[in-house]
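Engineer: Quick one, fold the following:
(one chain, ligands or ions: 1)
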Amino acid sequence: MAWDFSTEPEFQEQLDWVADFCVTEIEPLDLVFPGAAWSRNPKARALADPLKQQVKDRGLWALFLDKDLGGPGFGQLKLALLNEILGRYRSAPVMFGTAAPDTGNMEMLAAYGTPEQKERWLTPLLNQEIFSAYSMTEPQGGSDPNLFKTHAVRDGDEWVISGEKWFTSAGERADILFVMCTNGMFVVPRETPGVEMMDYPRLHNHVRYNNVRVPADHLLGPEDGAKVLAQRRLGGGRIHHAMRTVAQVKLAFDMMCERALSRESHGKVIAEHQMVQEAIADSYAEINMLRLLVLWTAWTIDNSSTREARTQIAACKYTMGKVLREVSYRALHIMGSLGTTNLTPLQAMYAGAPTMAIADGVDEVHKVTVARNVLRGYSPHEGLWPTEYLPAKRDQARKKYESLIEADPDLAAWADAAVRHAERG
Ligand SMILES: Cc1cc2nc3c(=O)[nH]c(=O)nc-3n(C[C@H](O)[C@H](O)[C@H](O)COP(=O)(O)OP(=O)(O)OC[C@H]3O[C@@H](n4cnc5c(N)ncnc54)[C@H](O)[C@@H]3O)c2cc1C
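Structural biologist: Okay, here's the model as predicted:
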C-alpha cells in the first residue's frame, strides 16, 4: 500500500525525543535567555552549544541537506515532520542547524560551490562558526528580478560590486553576504571595504555596496547564473517556512481549544457556543489541509526534485500565509482581551501572517506560477461547447449504441424518456 500516513517507528522515536527536548531544554532557554542560540556572547554560547551538541549526537543536525550535498540525507518528508515540532519554538531551528537564511545559502554553496569554496564557507556555516545573509531584493522593487541593478565588473583578479540591496535579513550580524548581481551570485565578507549597513530597518538590513572588491574566486556558480542559484535557494526555503508554519498554526489551535474549554459565558463554557465550535472546526480542517499539502510536496521533492515540485511549493507558499492568518486570528479572538496583548504568542503570530505572504516572493507571483503551470496541462475546447456540454456528449455516446437503438424501438423510446427525466433533474 503506497499511500501510508504513518511514521516509521525509529523516526517517531526521534520525533518524540525532539518534542521532549524542546519542552525541557529549548523553551526554558528561550524564555530566560532569548537569543542565546545565535548570540556571540561566550556565556550565552556556553548555554546553547551543549544543546546543539546533543542534537548532533542524535544525528539530527542540519537535516535539510541531502546526502549528495553532504548532509545526512533524511529527505524533505522527515524534515517536514521535524519542523512541525521545531517551528513552535523561536530558537529551535538554530539549535538544529536548520535556520533561515543560512539553510538556503548553504544549499547554494553545497550545490554550486567549488571544493575550496565549500571548505572556506560551507563547513563553518554548517558548524555555526559563522553566519550568513542573502542580499537579493533592491529598494526599487523586489518581485521583479528584471528591475535589479546591482552589478559586478571584472577588474584583473577581482570583481568590483556596485549597487544597493534592501531587506537583507540578519545582514548586520552576518559574516558573509550572498549578493545577487545581474551577472552572477557573489560571496562578500561583511567586513570588506565598501559594504555599508544603513541605520534602518534594523533586522532586515538596507545595504549599500560601494565599489566592493572581492577576489575572482568569490563568484559562486557560473557567471550570469544568479537567477538559477536564486531559484534553487528560494525553492527549498519556501517549503521549510511552510513546514514551520504548520507548527505555528497547531500551537494556535491548541491554545484555542484549551481556552474554549476553560472560559464560561452566558451559562456555559464557550466551547459549547456554536460559533466557537465553527472556529474550531474550520481551523481543524484548514490546518490539516495545509499539513497534507506540505507533506505531499515534501514527498514529491524526495521522489523527484525541487524543480519538479515547483507548482506544489508555490501552492504551499500562498496557502501557509492564509491559514496562518485565519487560524491565528480565530485563536486570538477566542482568547478575548488577553489575545490582543503580547502576553501570549498569538498577537505576534497574527502580526506575522502578512510577512509570510511577502517574504520569499509575494503571494500574487506564486499564484501566477501555479495558474500558468496548471494551465499547461489543459487546452481550449474545440467549437462552441465545453467538453462537458451534456447534449453534445450524449449525441456522441448514442453512436456507441446506434445499432442497438435502431434495432429496438422500445429501447429507443425508453432511452428518450429516461433522458427527458434526467434532464428535468
Ligand atoms: C520578513 C522578510 C524577510 C525577507 N528577507 C529577505 C532577505 O533575506 N533577502 C532579500 O533579498 N529579501 C528579503 N525579503 C524581501 C522579499 O524578498 C521582498 O519583500 C519580496 O520579494 C517582495 O518585494 P517588495 O517588498 O519590493 O514588494 P513589491 O515587489 O513592491 O510588491 C508589493 C506588492 O505589489 C503587488 N505585486 C507585485 N508584483 C506583482 C505581480 N507580479 N502580480 C500582482 N501583484 C503584484 C503585490 O500586492 C505586492 O505585495 C524579505 C521580506 C520579508 C517580509
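
Engineer: can you tell if the longest helix along the chain touches the ligand?
Structural biologist: Assignment by DSSP state H gives helix 226-260 as the longest helix of the chain. No. Helix 226-260 does not reach the ligand (Cβ under 6 Å from any ligand atom); its nearest approach is 8.5 Å. Backbone N, C-alpha and C define where each C-beta goes, glycine included.

Engineer: Paired strands for the next helix-or-strand element following that helix, with orientation please.
Structural biologist: On the C-terminal side of helix 226-260, the nearest following helix or strand under DSSP states H and E is strand 264-265. When pairing is defined by DSSP bridges, strand 264-265 lines up against strand 268-269 (antiparallel).

Engineer: excluding its backbone neighbours, what's nearest Met207?
Structural biologist: No Met there; residue 207 is Val. What sits nearest to Val207 in space, not counting adjacent residues and going by Cβ to Cβ, 6 or more residues apart in numbering, is Lys165, at 4.7 Å.

Engineer: Likewise for Leu346?
Structural biologist: The shortest distance from Leu346 to any non-neighbouring residue, by Cβ to Cβ, 6+ apart, is to Leu332 (4.4 Å).

Engineer: in what helix or strand does the one you found lie?
Structural biologist: Here Leu332 is covered by helix 310-334, with elements defined by DSSP H and E.

Engineer: and the angle from that helix to helix 226-260?
Structural biologist: Interaxial angle of helix 310-334 relative to helix 226-260 (axes from the mean of the first three to the mean of the last three Cα atoms, to 10 degrees): 30 degrees.

Engineer: Identify each buried residue in the helix or strand following helix 310-334, please.
Structural biologist: Scanning forward in sequence from helix 310-334 by DSSP H and E, the next helix or strand is helix 346-356. Residues 346-347, 349-350, 352-353, 356 are the ones in helix 346-356 that count as buried (16 or more other Cβ atoms under 10 Å).

Engineer: Make TSV out of those residues and add distance to Val365.
Structural biologist: Converted to TSV, the buried residues of helix 346-356 look like this (distance: Cβ to Cβ, whole Å):
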residue	distance to Val365
Leu346	29
Gln347	28
Met349	24
Tyr350	24
Gly352	20
Ala353	18
Met356	14
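
Engineer: Filtering those by proximity to the ligand, which remain?
Structural biologist: When those are checked against the ligand using Cβ under 6 Å from any ligand atom, none falls in range.

Engineer: Contact partners for Asp363?
Structural biologist: If you count contacts by Cβ atoms under 8 Å, 6 or more residues apart in numbering, Asp363 has them with 317-318, 321, 357.

Engineer: how about a cut-off of 6 Å?
Structural biologist: With contact taken as Cβ atoms under 6 Å, 6 or more residues apart in numbering, Asp363 is in contact with 318, 357.

Engineer: Tell me the predicted confidence for it.
Structural biologist: If you check Asp363, the pLDDT there is 97.

Engineer: how far away is the residue of the chain found nearest the ligand from Asn205?
Structural biologist: Nearest residue of the chain to the ligand: Gly142, at 2.2 Å (Cβ to the nearest ligand atom). Per Cβ to Cβ, to the nearest Å, Gly142 is found 14 Å from Asn205.

Engineer: Also Glu196?
Structural biologist: Separation of Glu196 from Asn205 (Cβ to Cβ): 10 Å.

Engineer: before we move on, the earlier item: which other helices and strands does the longest helix of the chain contact?
Structural biologist: In terms of contacts (3 or more Cβ pairs under 6 Å, 6 or more residues apart in numbering; DSSP states H and E), helix 226-260 is packed against helix 76-86, helix 102-112, strand 184-189, helix 274-303, helix 310-334.

Engineer: need the residues of the protein near the ligand, please.
Structural biologist: Counting by Cβ under 6 Å from any ligand atom, the residues of the chain that sit close to the ligand are 101, 134-137, 141-143, 167-169, 204, 355, 358-359, 361-362, 364-365.

Engineer: Right, I'll call it a day here.
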